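Asks: This is a predicted model, with the sequence first.
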Amino acid sequence: MKQVRLRFAPSPTGYLHIGGLRTALYNYLFAKHSGGKFILRIEDTDRSRYVEGAIEDLIESLNWAGIKYDEGVFIEDGKVVERGDYGPYIQSKRLDIYQKYVDLLIEQGDAYYCFCSKDRLDEVREEQKVKGLIPKYDGFCRSLSLDEARERISEGEEYVVRLKLPHNRDIKFHDVVRGDITINTEDIDDQVLLKSDGYPTYHMAVVIDDHLMGITHIVRGEEWLSSVPKHVYLYEVLGWDIPVFVHLPTVLNKDRKKLSKRHGDVAVEDFMSKGYLPEGLINYLALVGWSPENNQEIFSMEELIKAFSFERVAKTGGIFDINKLNWVNGHHIRNYDLDELTRLAIPYLKEAGYIDDRDIKEKYNWIKTMVETVREGISYISEITEKVDIFFNNKIEPEDENALSMLKGQQVPAILDAFKEELKEIEEVDEEFTKGIMKRIQRATGVKGKDLFMPTRVALTGNSHGPELTSIMYILGKQNILARIEYIEENFLKG
RNA sequence: GGGGGCGUGGUGUAGUGGUCAGCAUCGGUGUCUUUCAAGCACCAGGCGCGAGUUCAAUUCUCGCCGUCCCUGCCA
């Protein structure tokens, strides 16, 4: 039984796209489900699109998401390093390997040198279009003799190497999610395999690398489906086994277009910085294009690995639905370990200026309580700052007419007086105090129910809604409560 | 234009030659709670169109339409 090996092979052209993360995830899930290996390879054969630092970003995003790979490209001490027995794992370091196979292909007569200039190619295509023909390489250099080609090369002429596809041949292949597919070679171009800069094209590199790295399952986006025949043909003339193909449906935005920056966040780091939990993003993403046998919606990574299979991957492109993501992520937030959640929330609270390093050191439990009280109502962690705002300004301003009217009740002065009296009795607000305070105010004033609770709430927070009053009091503490009551008395109850 | 893929509520999806096409999310309503959120309950909303096969089609076949991808010395 062959060792199952899968790879995720992004190009370092920028941030990791949310669709790319899902591709990586499905690769990872299947590899782990099968007890196989998962590999990260970098496909940097297009020098013009190379972005400095992109490899590091890609890896950081994968790490954050909890997608672990066994071989390939890693970051160690801030440096890009490679680990594994099938390296190099960065394509630009494998040029000599590709050259070897290009030579072999030429030798076998399955590829040929082409000297057509970009201009001539453009002209040909233009002409074909005008005539209503299919734009396609016209095979101008296809029958050049090897001797002539070599002579021109030695004279320094620029060239590429093209795949010599046979005419009118049906190429069949099987895809796990799409079934059997047949494409005729007449509908495919003599693909460039080696570019004039000496770098291979994707089509060449992917076949060679996947074979040499022992990849058993090729799992990638469906945009590659039309290219598979070229790859299959290469496998054939090279005499290699064809791996299992799995072409994933696209992740789309609301307009059914490919996810793009214009329509909101698409980079994994955007979700990272908004405070989505990796567990939430991963959980949600797994569900766009795959479904379990039962109706389970909430998954841990372990559960996903156990339940995942390509047989249940959908054919249809799915729209990335931020609402559902929020629901899934909110679920994870509410069930997260509180200390861990607090650790994740602290940077946002600090950034917003609500807490500082001293608070973190001296009032950790207070911060934790605050996180605990507001976690119920948020979908991602950065939302926490607006939720905790009510705890930080003692100059209470009613949020709206409704809240203001709560303060106008006849009984409000008496309620606040009673509250102050009770506060005099204690050093600091504790659980015992919060538990009994409202009842004691009720006894002292005779006011009860909404008439009691709502004005108290507004006096303490300015809002007619929010977390439980007991939690609010605990978080505020004696001095802040006093300050707020006095501020209310001063500004809203006089006159 | 050519080739290929895809088409179940707004969204993600399940499923079937014949029971009310299931679940989730979103929206609405109710319930709980002093309020909000969460939770719970309920409501609303769907098989792209047209033929054909069949006693019967969302399901099978064909055509159409729509949509996406490829048609690059990008990946």
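Replies: That came in fine, so what should we check first?
Asks: Relative to RNA strand B, how far out is residue A:310?
Replies: Separation of residue A:310 from RNA strand B (C-beta to the nearest atom of the strand, to the nearest Å) stands at 11 Å. In this view, the C-beta of every residue, glycine as well, is placed from N, C-alpha and C.
Asks: err, residue A:275, not the other one
Replies: Look at residue A:275 and RNA strand B: by C-beta to the nearest atom of the strand, they are 16 Å apart.
Asks: what's the answer for residue A:227, then?
Replies: Residue A:227 is 6 Å from RNA strand B, by C-beta to the nearest atom of the strand.
Asks: Residue A:375 is in contact with residue A:471, correct?
Replies: No - the pair residue A:471 / residue A:375 is not scored as a contact, 11.4 Å apart, by C-beta atoms under 8 Å.
Asks: if you count what's nearby, which of these two comes out ahead?
Replies: For residue A:471 versus residue A:375, neighbours defined as other C-beta atoms under 10 Å are more numerous around residue A:375 (22 against 17).
Asks: how about the nearest residue to that one, chain neighbours excluded?
Replies: Closest residue to residue A:375 apart from its sequence neighbours, by C-beta to C-beta, 6 or more residues apart in numbering: residue A:333 at 5.6 Å.
Asks: Residue A:7 now?
Replies: Spatially, and ignoring its direct neighbours in sequence, residue A:7 is nearest to residue A:39 (4.1 Å; C-beta to C-beta, 6+ apart).
Asks: That neighbour: what's it in contact with?
Replies: Contact partners of residue A:39, counting by C-beta atoms under 8 Å, 6 or more residues apart in numbering, are A:5-8, A:69-72, A:84, A:86, A:89, A:213, A:215.
Asks: Could you do residue A:408 as well?
Replies: residue A:492.
Asks: do residue A:136 as well
Replies: So residue A:136 contacts A:128, A:189 (C-beta under 8 Å, 6+ apart).
Asks: What separation do you get for it and residue A:204?
Replies: Plainly put, residue A:136 is 19 Å away from residue A:204 if you go by C-beta to C-beta, to the nearest Å.
Asks: Residue A:15 now?
Replies: 26 Å.
Asks: Tell me which of those two has more neighbours.
Replies: Higher neighbour count among residue A:15 and residue A:204: residue A:204, with 26 against 18, using other C-beta under 10 Å.
Asks: tell me the secondary structure for that one?
Replies: helix (DSSP: H, G, I helix; E, B strand; the rest coil).
Asks: Please report the residue range of the longest helix in chain A.
Replies: Longest helix of chain A, by residue count under DSSP state H: helix A:469-492.
Asks: Residues touching it, excluding its own?
Replies: A:366, A:369-370, A:372-373, A:390-391, A:394-396, A:398, A:404, A:407-408, A:413, A:416, A:419-420, A:423, A:426-431, A:433-435, A:437-438, A:453, A:456-457, A:459-461, A:466.
Asks: Got the confidence number for the closest residue to RNA strand B within the stretch 201-350 of chain A?
Replies: With C-beta to the nearest atom of the strand, the shortest gap between the stretch 201-350 of chain A and RNA strand B falls at residue A:318, namely 2.9 Å. For residue A:318, the pLDDT comes out at 93.
Asks: ok, now residue A:66?
Replies: Per-residue pLDDT puts residue A:66 at 98.
Asks: just residue A:123 next, same as before
Replies: Predicted confidence (pLDDT) for residue A:123: 88.
Asks: ditto for residue A:431
Replies: Listed pLDDT for residue A:431 reads 86.
Asks: which phi and psi does it have?
Replies: phi -60, psi -40 (degrees, to the nearest 10).
Asks: do residue A:461 as well
Replies: Per-residue torsions, residue A:461: phi -130, psi -20 (degrees, to the nearest 10).
Asks: quick one: low-confidence parts of the stretch 1-150 of chain A?
Replies: Residue ranges of the stretch 1-150 of chain A with pLDDT under 70: A:1.
Asks: Around RNA strand B, pick out the residues from it.
Replies: Within the stretch 1-150 of chain A, the residues that sit near RNA strand B (C-beta under 7 Å from any atom of the strand) are A:9, A:11, A:43, A:45-46, A:49, A:116-118, A:121, A:125, A:132, A:134-137.
Asks: where exactly do the helices run in the stretch 1-150 of chain A?
Replies: Residue ranges of the helices in the stretch 1-150 of chain A, as given by DSSP state H, counting those that start in this stretch, are A:18-33, A:54-65, A:95-108, A:118-130, A:146-154.
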